[in-house]
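Student: Need coordinates for the below:
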Amino acid sequence: MHKTPFARLSRNLLWCGALLAACPAWAQIYTWTDKDGRTHYSDTPPKSGEVKVVSPARRTPPPAEPTQAEAGKDAAQPATAPSLADREAEFRKRRAEEAEAKVKADAEAKRAQERERACSQARAQLAALQSGQRVARFKEDGSREILDDAQRAQETEKVQAYIEQECR
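Tutor: Numbers count the residues shown, from 1 in each chain. You can find the predicted model right below:
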């Protein structure tokens with residue numbers, strides 16, 4: 001069976017990649033202290049002075065079984081890990097609190113929006129009253145009534161009081 005040139009090239013590239021990946025494992029790290037007392041770390045040694053070669057720390061796997069001292073300590077303390085039912089109850093409680101907070105925030109936003117709309121209308125009404133234009137209002141029977149100067153002043157005071165109280 002003949003191997004294609006592409007297969008040979010792929011295999012050779014794979015070996016080269018593996019060798020390049022292993023290169024940092026062969027690197028040495030040098031440490032030294034300069035005349036000012038500062039410690040330096042480098043991959044190349046200094047030209048003069050005392051140098052130490054630092055080897056990378058190797059990870060050690062954790063012990064498979066606890067020692068007798070740890071086993072005795074664990075037996076003295078009760079298990080405090082919450083059960084699945086406790087975690088589920090806490091989760092449901094958090095979700096209920098979040099939903100309640102969202103409802104409150106939505107209601108507050110709606111109230112603020114309504115207040116802003118009412119204040120905008122009150123400001124527009126005040127501007128119309130202060131503009132000097134003829135202002136009319138509708139009576140209960142549906143007919144229009146034109147406000148005289150006294151009624152306009154009274155209505156202006158009422159709208160200003162509303163704005164001062166409600167539109168901060």
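Student: what about the longest helix in this protein?
Tutor: helix 84-130 (DSSP state H).
Student: and it, how far out from the chain's middle?
Tutor: 21 Å (Cα atoms, centre = their mean, to the nearest Å).
Student: Next SSE downstream of that helix?
Tutor: Going down the chain from helix 84-130, the next helix or strand is strand 136-138, by DSSP states H and E.
Student: packing partners for that following strand?
Tutor: strand 144-146 (3 or more Cβ pairs under 8 Å, 6 or more residues apart in numbering; DSSP states H and E). For every residue, glycine as well, the C-beta is placed using N, CA and C.
Student: who touches the helix or strand following the strand it packs on?
Tutor: For strand 144-146, the succeeding helix or strand toward the C-terminus, using DSSP H and E, is helix 149-166. Where contact means Cβ atoms under 8 Å, 6 or more residues apart in numbering, the residues beyond helix 149-166 that reach it are 115, 118-119, 122-123, 125-126, 129-130, 135, 147.
Student: between these, which has the most around it?
Tutor: residue 129 (20 neighbours; other Cβ atoms under 10 Å).
Student: Assess the claim that that one and residue 123 are in contact.
Tutor: No - with contact defined as Cβ atoms under 8 Å, residue 129 does not reach residue 123; the gap is 10.7 Å.
Student: which one of the contacts of helix 149-166 is nearest residue 167?
Tutor: residue 119 (3.7 Å; Cβ to Cβ).
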